[in-house]
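Asks: below are the sequence and a predicted model; questions follow.
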Amino acid sequence: LEHSGVSIVSGAMSTALAGICLLFCKIIFFVKFGTLIIFTVIYAVIFSLLFLPSLMALFGPSGSCGDWHRLVHPLLQRQDEAPKNLRVKAHGSKLIQVEDEDKKKEDSIKDKE
């Protein structure tokens with residue numbers, strides 16, 4: 001989400017701008033088509049930035065599950081990496097807020113001063 005969010009929002013803005021330009025046409029078909037484009041883009045942005053990442057965090061693959069490299073060629077198989085530290089971890093049906101290690105370090109430095 002950190003890397004793809006910019007691309008999603010940029011693409012949505014340019015497509016919505018094209019839809020807004022269609023709203024000023026005199027031909028009814030173009031006006032309706034522009035409205036369709038705008039509402040489709042709004043729905044797609046909401047789904048791709050809010051709903052889909054939440055589902056992927058809860059039900060997505062973990063470890064080497066879903067790694068297609070091992071299916072193509074065994075030599076391309078990736079080494080197991082250490083798990084990433086997420087800001088939020090899913091625990092059963094509850095979401096638990098996890099503090100960043102950097103924030104903990106900053107707090108400990110401030111406490112020492």
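Replies: Yep, that arrived. Residues are numbered from 1 along each chain as shown.
Asks: in this structure, which spans are helices?
Replies: 4-23, 28-46, 52-59, 69-72, 101-112 (DSSP state H).
Asks: okay, now the unreliable bits of this structure?
Replies: Counting by pLDDT under 70, the chain contains low-confidence ranges at 1-2, 60-71, 73-113.
Asks: picking that back up, okay if I get the helices of the chain as TSV plus mean neighbour count?
Replies: (Each C-beta comes from the backbone N, C-alpha and C, glycine too.) Output for the helices of the chain, formatted as TSV (neighbours: other C-beta atoms under 10 Å):
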stretch	mean neighbour count
helix 4-23	13
helix 28-46	14
helix 52-59	12
helix 69-72	11
helix 101-112	9
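Asks: from S10, how far out is the residue lying closest to L22 once chain neighbours are set aside?
Replies: Excluding the flanking residues, the one nearest L22 by C-beta to C-beta, 6 or more residues apart in numbering is G34, at 2.8 Å. Distance of G34 to S10, computed by C-beta to C-beta, to the nearest Å: 19 Å.
Asks: now swap in F29 and tell me
Replies: Distance of F29 to S10, given as C-beta to C-beta: 28 Å.
Asks: from L52, how far off is G11?
Replies: Taking C-beta to C-beta, one finds G11 at 15 Å from L52.
Asks: I meant A12, not that one.
Replies: When A12 is compared with L52 (using C-beta to C-beta), they lie 14 Å apart.
Asks: what's the answer for L23, then?
Replies: With C-beta to C-beta as the criterion, L23 and L52 are 28 Å apart.
Asks: again, but for M13
Replies: From M13 to L52 the distance is 19 Å (C-beta to C-beta).
Asks: so what's the closest residue to F33 other than its chain neighbours up against?
Replies: In space, F33 comes closest to L22 once its chain neighbours are excluded; the distance is 5.9 Å by C-beta to C-beta, 6+ apart. L22 makes contact with 30-31, 33-34, 37, according to C-beta atoms under 8 Å, 6 or more residues apart in numbering.
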